[in-house]
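pasted the sequence and its predicted model underneath.
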Amino acid sequence: MSSTTRRLPERFESGFQKNLTLGDQASLPNTFPTPYATSETPNGRYNPALLLSEEAQDLILSFTRSKYRDAKSDLPAQSTAWAFTLVSRRWLDSGRRALYRAPILPVNTWDRALELQGSLEASPRLASHVRSLPCLPEWIKTFAKSQIKRSNIVAWYFKLIQSCQNLREFPVFIGTMDEAKVVAGAASELVQIDSINVHSLEDFDLSRPLWREFLDHYQEGQRIRGSAPLLDHLRLFGLRWGSTKDTGQTTDYFKSKDLLQPRRLTLTKSKIRMSDVATFTHRKRPRLSEFTATTKGSHLSQSAFRKLVTTLPASLSRLSIECLLRDPPSIMLDEYLLIFYPYNKISIPPLALFSAFTSLTQLRLRGCTGLSLAKITALSSSSPNLLELDFEGSIWALSEIDEAAFDAAFAGFAKLERLHLGTLPVGNDAENVLYDFVADMDERGVECDFDRCEEECEACGGEGCAECDSDYDSEDSFDYSD
């Protein structure tokens, strides 16, 4: 490699640029007048990477976000953005936009929380980069368990959301009527909002009356400002509406109210009657195309499934129900059909669920029981456009595998791209099980997979022990009831 020193064209050089080094730029001040950048490394060699346009820089950083979007934490992408800001002044603006887009700074002390809120309040430019606050639930949980007064936490939360005027995902924490009014007012001012995340915590327990109060003020604020953007996603975390103590007039209100029109609705670790799903969607003009219910603990009754079928619009395109246990035990082959005992009468999706939706492109039923080929046949008739079918963690009402029957049941899915059959009643040592079926799926371009049972407990070799005899752990379970 030639050791010839390459320099910038003269029109790009200035005395200020020539006198800067990467070392000088590693410790950048919070503000500076002009984003000059050096084009030389400390040894004087030309570095064209430092002349990337901001559009190219943003593209690089968006790639790092997409690369880690399925990870449990966005920390790798955040670390990349932080390192990006230290390379050059020319790269600072792009790096800051990426860093503050969804800040996950370790605000694990009250002083750090005040520092973050104060910096965003003092610098509208920094606050304008914030699109979501993914760590806010964890921050509030931490402070609620500490000695921090609840009134101080609420005041800090109000100032934080009011500073971030470009939020796309709006976090809702309310425990009183006054808080519902203030938070709804702040949300209604955000014209770019496309997602509302409602969190129900010990000190911020969202009841039906509180949700009603929030809706009233949110929609009134939108009416006054003449802006009513359609909501893309409504997420509900930890909601507990299992009891009926606050129904009556509140229920009548929801039946007559023009509610939000989210395109996607997600229930996570919530205790809610499936009939209450209509409480969060527009009854007259349903726009809902994607519904997700996720819980730790397999608790979903037959009546809840049936109510869900009648509540969700037939035009639904994506349906996901995950009833996965926190630490599911290994499934023993000789106990295959009893593995969910004593829960073997719940989490059994009825036949009606497989024939109710005509526009499904994705169906995920994880941690369910009672799957059958008759239900798959009904699904292929009602939803021929399915692209993804996922039964991971689910078991079938089968004692043995009939490969020809599997071929016939799945033949109707002409557009299928991904298929997970769940756990089948075959052992780890079984060979050539569904060999032709999987080969046929592969020829059709379908990613096909399934899980097998354990032949015997690895801990005791089948002699019997606490591990293989234990029931499912329902300590963290949440119910979806009718």
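Happy to help now that I have it.

pLDDT value on the closest residue to F410 other than its chain neighbours, please?
Nearest residue to F410 in three dimensions, chain neighbours excluded: I376, at 6.5 Å (CB to CB, 6 or more residues apart in numbering). For the C-beta atoms, the positions are set from N, CA and C on the backbone; glycine is no exception. We note a pLDDT of 95 for I376 in this prediction.

and for W396?
Per the predicted model, pLDDT is 89 at W396.

that one against V426, yeah?
No: the criterion here is CB atoms under 8 Å, and W396 misses it with V426 at 10.8 Å.

lowest average confidence, helix or strand, in this structure?
None of the helices or strands of the chain scores lower by mean pLDDT, DSSP states H and E than helix 22-25, at a mean of 32.

show the subsequent helix or strand relative to that one.
Using DSSP states H and E, the next helix or strand after helix 22-25 towards the C-terminus is helix 54-67.

what's that following helix packed up against?
helix 75-85, helix 92-101 (3 or more CB pairs under 8 Å, 6 or more residues apart in numbering; DSSP states H and E).

tell me which of those is the most buried.
When the helices and strands packed on helix 54-67 are scored by mean count of other CB atoms under 10 Å, the highest mean neighbour count falls to helix 92-101 (a mean of 20).

what residues of the lengthiest helix in the chain count as buried?
Scanning the chain for the longest helix, with DSSP state H as the assignment, gives helix 208-225. Judged by neighbour count using 16 or more other CB atoms under 10 Å, the buried positions of helix 208-225 are 208, 210-215, 217-219, 221-222.

can you check stretch 441-454 too?
Judged by neighbour count using 16+ other CB under 10 Å, the buried positions of stretch 441-454 are 441, 446, 448, 450-454.

which of the residues you listed sit farthest apart?
By the measure CB to CB, V446 and E454 form the most distant pair in the buried residues of stretch 441-454, at 26.7 Å.

grab the nearest non-local neighbour of L398.
Nearest non-adjacent residue to L398, counting by CB to CB, 6+ apart: P425, 5.7 Å away.

the one you found belongs to a strand, doesn't it?
Yes: the assignment for P425 is a strand, going by DSSP: H, G, I helix; E, B strand; the rest coil.

related to what we said a few turns ago, neighbour count for W396 and V426, which is higher?
Taking neighbours as other CB atoms under 10 Å, W396 and V426 compare with W396 leading, 22 against 19.

is the more buried one in a bridge, and if so with what?
L371 (DSSP bridges).

what's the spacing between it and K375?
10 Å (CB to CB, to the nearest Å).

so what's the residue count around L133?
Counted with other CB under 10 Å, the neighbours of L133 add up to 21.

okay, the helices and strands packed on helix 54-67 in a markdown table with distance to N197 and mean pLDDT next?
Below are the helices and strands packed on helix 54-67 laid out as a markdown table (distance: least, CB to CB, whole Å; pLDDT from 0 to 100):
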| stretch | distance to N197 | mean pLDDT |
| --- | --- | --- |
| helix 75-85 | 19 | 66 |
| helix 92-101 | 16 | 79 |
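
export these to TSV and tack on distance to F354?
Output for those, formatted as TSV (distance: least, CB to CB, whole Å):
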stretch	distance to F354
helix 75-85	39
helix 92-101	40
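
now the helices for the stretch 101-250 of the chain?
Using DSSP state H, counting those that start in this stretch, the helices assigned to the stretch 101-250 of the chain run over residues 110-122, 124-127, 136-145, 150-163, 177-188, 208-225, 249-256.

as CSV, those with mean pLDDT and distance to N197 would be great.
Shown next, in CSV, are these (pLDDT from 0 to 100; distance: least, CB to CB, whole Å):
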stretch, mean pLDDT, distance to N197
helix 110-122, 90, 19
helix 124-127, 90, 19
helix 136-145, 86, 8
helix 150-163, 93, 11
helix 177-188, 91, 11
helix 208-225, 84, 13
helix 249-256, 59, 20
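
possible to save those helices as CSV with distance to E388?
Output for the helices of the stretch 101-250 of the chain, formatted as CSV (distance: least, CB to CB, whole Å):
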stretch, distance to E388
helix 110-122, 39
helix 124-127, 38
helix 136-145, 29
helix 150-163, 35
helix 177-188, 33
helix 208-225, 32
helix 249-256, 33
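
what's the closest of these to E202?
Set against E202 and scored by CB to CB, the helices of the stretch 101-250 of the chain come closest in helix 136-145, at 6.6 Å.

next, the angle from that closest one to helix 110-122.
130 degrees (axes from the mean of the first three to the mean of the last three CA atoms, to 10 degrees).

can you list contacts of helix 136-145?
If you take CB atoms under 8 Å, 6 or more residues apart in numbering as the criterion, helix 136-145 is touched by 107-108, 110, 113, 150, 153, 157, 160, 171, 173, 199, 201-204, 237.

quick check: angle from it to helix 150-163?
160 degrees.

of the helices and strands packed on helix 54-67, which is nearest C135?
helix 75-85 (10.4 Å).

list the contacts for H199?
Contact analysis of H199 by CB under 8 Å, 6+ apart lists 137, 140, 171-173, 206, 237-238.

give me the sheet partners of the host helix or strand of R452 and which way each runs.
Assigning secondary structure by DSSP H and E places R452 in strand 447-453. In the sheet, strand 447-453 lines up against strand 418-427 (parallel) (DSSP bridges).

what angle do the helix or strand just after the partner strand and strand 418-427 make?
Next along the chain after strand 418-427, taking DSSP H and E as the criterion, comes helix 435-443. Computed by the same axes, to 10 degrees, the angle separating helix 435-443 from strand 418-427 equals 170 degrees.

residues in contact with helix 435-443: which ones?
Against helix 435-443 from outside (CB under 8 Å, 6+ apart): 403, 406-407, 410, 419, 447-448.

may I see the buried residues of stretch 155-163?
Buried, per 16+ other CB under 10 Å, within stretch 155-163: 156-158, 160-163.

what is the longest helix of the chain packed up against?
helix 177-188, helix 249-256.

before we move on, back to that, for the residue nearest to F410, helix, strand, or coil?
Quick answer, by three-state DSSP: I376 is helix.
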